[in-house]
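> Next comes the sequence, and after it the predicted model I'd like to discuss.
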Amino acid sequence: MSAAINPAEQVLQEAQKLFRRNLRDQNLYAESVTAKTATDVYDTIANLQETMAPKGQLRGLGRLTPLMDRLSELSAAMEALLSPESDLLALIWGPIKAILLRSSQNMRVFEKNIEMLSMIGDAFPHFVGIVQRFLTDDMIGELLTLFYQELLEFYCITLVFLRRKSSKMDFDIVWPNHKKNVEIIASNLKRYSALTTTEKDFLDIDEAREARNQSFKSLTQEETHNERAKYLGLKARVSPDLYDRRLSFLRDRCVPGCAEWLLRDAKFNSWLDISKTTLSWLWLQGIPGAGKTYLAAMIIDHMRKSHRTLFALVNHMNKTSLTALSVIQSLLFQAAEDDKELRPILVETKERELHGNTEHAAGLLGTLLATAGETYIIIDGLDEMEETERKILLNHLAAISESSEALRILICSRVEHDISDMLNTKAMSIRVNDGNHGSIQVYVDHRTRSLTASREFDSDTESELFSLISPLSAKANDNLEQMSSIDEIRSELKALPNDLNEARRCRKILGLIGCATTPMTIFEMEHALAVDPEKEYHDPPSPLENFNFVKSCGPIIEVVEETVQFVHFTVQEYIFSPEIDSYIDRAKAVHNLASTLLAYLGSGVLDMDLDDEEIADNIVRGKYRLFEYAVFHWPTLIHQLHGKRRSHEDLLKRLDERGANFEFGNYETPIRHYRDEQVRKNMPQVYDMVCHTFQLHLDDRRWDWNWRNSDSWVNFDPLCTMPMLVRVQESLERLVSNLERVASVQRHYGTGLFRCVHMFCWRNLRGFRTHKDRDAHTTNHGRPWKCTIPDCDPFATIGFSSRSKRDDHWLKHHLHPASQIGAALDNFESLDIAEAQPILFRLVLEDRIDSVRTLLSAPVGKKLKAEIFVSARNLAIREGSLDMTKLLAPKDEKQVPESVLVSAVKKEDINFAKWAISRAATGNWTKLMTVMLSVKSDEIYALWEHYILALPQPSPCQGIISARLGILFKQTLFTRIKGDVNKEERLKHTLIELKGRLSENLMGRILLRIARTSCSRLLTETLLSLGAPIDYAEDRERRTTALRIASKQTTKEAAFLMKYLLENGASPGRHSTCDWIGLEKGAKEIVQWLGVTWDELLDQIIKDDINVRRFVEASRS
């Protein structure tokens, strides 16, 4: 029996394990134990001296002598405490060798590390004589463990720091943070050394250990919090499908006992036992409908109880999971979810590579699994992926399997030739349809018992039912639950439906399912079925409700989690195959779906003049069921066609006419992604609209676009689809916050009502069931402004919610005094981007224009990102340097970023204001108009007004100029100045100055916007005096005048605006008809503000009008 390990040695072993774990790199650990003794380290030092001396690079290696002496004493003192077979002493010497060799590649790095090693050496005590001062071995052991733990902590943080890949790190900038950590360790060592100068008892040593543990605990908690934040942020951005919902769906429909035959199978159990030298691959193969997917789900549940199990349930309907990369990403995050120790490896990877490099992601998965122990990977539905993608996936899994002995892989699929070629030689195979006969019978018996239990059949009928079912066990996936009489069941079992062309609607449904770029929900499909592309709509059509898709199309389709899909992907292969009669032409199906979406978007659903209450009403009535799907998918469908079918000229023209965004701010020529020559030739304006839309949906910035920053991006859309989508989703958010309204909304939109606020996140289209789930998803998702220093943890990954917060962080944590960037200022040529950023900000703060000019002309200056220039220019404005602001403009800049212009105006400096106004583009007018109305300086506002008045005089038709002026007076402007008399007075003055330039049409639209927002009598009076038509209505059929809009509101301002409009001749509509404005809510409640009812108000106005006419007639007589 071996001797018991003493307590001190146990603590030392734990310190060794912690060191190894915190390195997070097995190769680095192996490198750290290559030197076993002090002699090995001295040999390394001698070799370095021999190499460096001829080059004149010798850097005082003699400074290491105190450290080597102290560590020799520490090693000797520890040796007496350790068992002979212990390898703990190797970690005293090995890391020093690794630090010297790694840092010797860069002299600046080398010098700094020699300095740190020397600092640590000075902090150690002389261990000789400790034994004499401490009477017991236990006390010596307690003390030595403290020194050993601290030494390994120093080694760990230094090696991790040196592992970072940066060949040109400017240590004057990045070194101080690391040096701080080393100084903390040196301080701890000095405190422990003080314990050795006089006799101390266990209490003193315990206090020292407690202080260290508390310090370590605080540091660990902070690191854990940061790593969790980084991991969750990365997970939100990559958004992998973990297949949990799919597994839950299958689990709920599995019948107990159906997998027993496989769990008893010899091949399966041989594959399961990693201790046996068998092939590591298992292939479950079978014909379509054999139950492979349900079998895979049961195996996954069985395996997860006792083994690390990663899985992918590939489904042809979930197109986001049909690539090798998406499957590997899922496996990566599943591994990290199961084992938190693997998360740092995942977080530290290059995010861009993880997003788009399959080889990188596969290599990362191999790294994780190499040290993860026994792991089982189960891939179901491999045959549902495209041949190229599944080949890529299998090749990567094969490479990972070769380097991971404890890995087992199970594949479930049909027998396809390419899969057979790859798996026949490396996998054991089990034919599901050869072994599942008993399982099918178990399934049929279970379904039959459920059916008879839910129906009141007599004993004879039950016997007949069993006799009908028993020979049809192979068709266990029947439609029995939906039948209530024995006649229906007889009919279904004796004559299963086989005609896919019974109705045109059935073909349309099948076409929609098969060509939809993202599976449609039952609610979206019901609305799509209600749209006739051949019909011109003036209002969005109402959706169908409670349509029975399965009854219409038969058992070849099913509804899963509110989504309509084929029961098996082979159904889609069959009905879209040209080899069968009456097949569905995919190109035609795509054309029909695109036509449906375009007809819907052109139906008036993009009416931006609807007020919030009308939008909410439309939501509750289901008018927007198809809206989000249409917005995001019509460009993809149009792009898929590429002229294969007749173009959508009429529908696109109608959409452009009815949905044009008059605030569209992108006047650059778009990339010609759209290739329909017929549209380009016949309707160039419509063609440009489509190209600009494509560009919007491909914009790299789209991942950061959300409700909160919508002002900065919605007008990149040539249509009103995005501006309207933001309004609809914000209105939906308000509705679902009211528990009394949730049921009425779910009736039309399903249970996923809580949308991600980021518009191009797939969770925006398919929301969450609760706001808590949504909020957890968006916590880190909504922080687009990343710290641009790669090593800034965690903010280089999780970012900030606004640019200003990111910039404040920058100035606080990364802007070092000029004295610390010393030498770098004289050598811009050698800098990299990470080094140049803090230098640029420091130079901007000190207004060193010449140095900035030199930096920008250096190679690194030409590589700085646009966002760095924006932040630097905002900083220059804050510091009051206009020359610096101008200098920081990129050479190829066509338009000054709007945030820079806004900052310049808010500076309240006349020179900055002149510059901002001179650089303003038409797309900036909306924002600048709001900002200008808020400035304190009348002189600055006068400059802005002069700029507006200096625009070219309108032509006789004055359409173009008037339309451009309309950008100044958007609805958001009146919302933001509501109730501010000073701002309204300024705006009144501007409107009067523009007299003669504003068309009646524009003034009428402005009047409607005022009625929807501020209900300002001052501005209304001004517009009417300038000639605005009081009964102007953009929608002539609905007669949506300013009076009608005001009558829908119940505020005091709306009441007095109604009174003023009526007194000045506004039409109240025809009495006793639906056109009568008196029926509106605001009109009915006007008495609470005016003291008279609507009818009494009208009578008074008519009476006053008669008296005025009598007075005029009397004065003329």
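That came through fine.
> So Leu331 is in contact with Thr309, correct?
No - using C-beta atoms under 8 Å as the test, Leu331 is too far from Thr309 to be in contact (10.6 Å). In this view, the C-beta of every residue, glycine as well, is placed from N, C-alpha and C.
> where do the contact lists of those two overlap?
Ile377 (C-beta atoms under 8 Å, 6 or more residues apart in numbering).
> Which one of those two is surrounded by more residues?
A count of neighbours by other C-beta atoms under 10 Å puts Leu331 above the other of Leu331 and Thr309, at 25 against 21.
> distance of the residue lying closest to the more buried one once chain neighbours are set aside from Ser603?
Nearest residue to Leu331 in three dimensions, chain neighbours excluded: Leu310, at 4.7 Å (C-beta to C-beta, 6 or more residues apart in numbering). Counting by C-beta to C-beta, to the nearest Å, the gap between Leu310 and Ser603 amounts to 47 Å.
> So between those two, which is more surrounded?
Remark: of Leu310 and Ser603, Leu310 carries more neighbours, 29 against 23, as counted by other C-beta under 10 Å.
> That one and Glu337 touch, don't they?
No - with contact defined as C-beta under 8 Å, Leu310 does not reach Glu337; the gap is 9.7 Å.
> list the contacts for the closest residue to Leu279 other than its chain neighbours?
Nearest non-adjacent residue to Leu279, counting by C-beta to C-beta, 6+ apart: Met428, 5.5 Å away. Residues in contact with Met428, defined by C-beta under 8 Å, 6+ apart, are Lys267, Ser270, Trp271, Thr278, Leu279, Trp281, Leu282, Trp283.
> try it again with 6 Å
Lys267, Leu279, Leu282 (C-beta atoms under 6 Å, 6 or more residues apart in numbering).
> Is it located within a helix, as I assumed?
No - read with DSSP: H, G, I helix; E, B strand; the rest coil, Met428 is strand and lies in no helix.
> how about the strands in the stretch 501-650 of the chain?
557-560, 563-566 (DSSP state E, counting those that start in this stretch).
> now for these, which one comes closest to Asn592?
Comparing those against Asn592 with C-beta to C-beta, the closest turns out to be strand 563-566 (15.9 Å).
> Any chance you could list what contacts the closest one?
Met317, Ile513, Pro519, Thr521, Ile522, Met525, Phe549, Ile557, Gln572.
> From the residues you listed, which land in helices?
Residues of the contacts of strand 563-566 located in helices (DSSP state H): Ile513, Ile522, Met525, Phe549, Gln572.
> so who does the last one touch?
Taking C-beta under 6 Å, 6+ apart as the definition of contact, the neighbours of Gln572 are Gly514, Phe566.
> Same check on the third one?
In this structure, Met525 makes contact with Leu512, Val564, judged by C-beta under 6 Å, 6+ apart.
> Distance check, it against Lys681.
Taking C-beta to C-beta, one finds Met525 at 35 Å from Lys681.
> quick one: the nearest residue to Ala406 once chain neighbours are set aside and Tyr148, what's the gap?
Excluding the flanking residues, the one nearest Ala406 by C-beta to C-beta, 6+ apart is Glu374, at 4.7 Å. Note on Glu374: its distance to Tyr148, by C-beta to C-beta, is 33 Å.
> now swap in Ile45 and tell me
Distance of Ile45 to Tyr148, given as C-beta to C-beta: 22 Å.
> just so I have it, where are all the strands in the chain?
Taking DSSP state E to define them, one finds strands in the chain at 281-285, 308-313, 375-380, 407-413, 427-431, 557-560, 563-566.
> The residue nearest to Leu331 and Ile379 touch, don't they?
No - Leu310 lies out of contact with Ile379 (C-beta atoms under 6 Å); the separation is 9.3 Å.
> mind giving me the domain split of the protein?
7-200, 240-435, 436-475, 504-780, 1040-1117 (automatic domain parsing).
> Now the two most distant members of the ones in helices among the contacts of strand 563-566.
The widest separation within the ones in helices among the contacts of strand 563-566 (C-beta to C-beta) is 18.1 Å, between Ile522 and Gln572.
> Give me the lowest-pLDDT entry from the contacts of strand 563-566.
Ranked by pLDDT, the contacts of strand 563-566 bottom out at Met317, which has 69.
> For Met385, list the residues it contacts.
Counting by C-beta under 6 Å, 6+ apart, Met385 touches Val314, Leu322.
> Kindly report the same for Ile92.
Contacts of Ile92 by C-beta under 6 Å, 6+ apart are Leu71, Ser75.
> where's Tyr155 relative to Met116, distance?
For Tyr155, the distance to Met116 equals 11 Å [C-beta to C-beta].
> again with Leu887
Using C-beta to C-beta, Leu887 is found at 40 Å from Met116.
> of those two, who's got more company?
Met116 (23 against 17).
> What sits closest to the more buried one if chain neighbours are left out?
Nearest to Met116 is Val182, by C-beta to C-beta, 6+ apart, at 5.0 Å.
> surely the one you found meets Leu117?
No - the pair Val182 and Leu117 fails to qualify as a contact (C-beta under 6 Å) at a distance of 9.5 Å.
> Next, count neighbours for Val896.
20.
> list the contacts for it?
Applying C-beta under 6 Å, 6+ apart, we find Val896 in contact with Arg919.
> could you redo the last one with a cut-off of 10 Å?
Val896 is in contact with Val870, Arg873, Thr885, Ala889, Ala904, Trp915, Ala916, Ser918, Arg919, Ala920, Ala921, Asn924, counting by C-beta atoms under 10 Å, 6 or more residues apart in numbering.
> can you check Leu282 too?
265, 267-268, 270-272, 299, 376, 378, 408-412, 423, 427-430.
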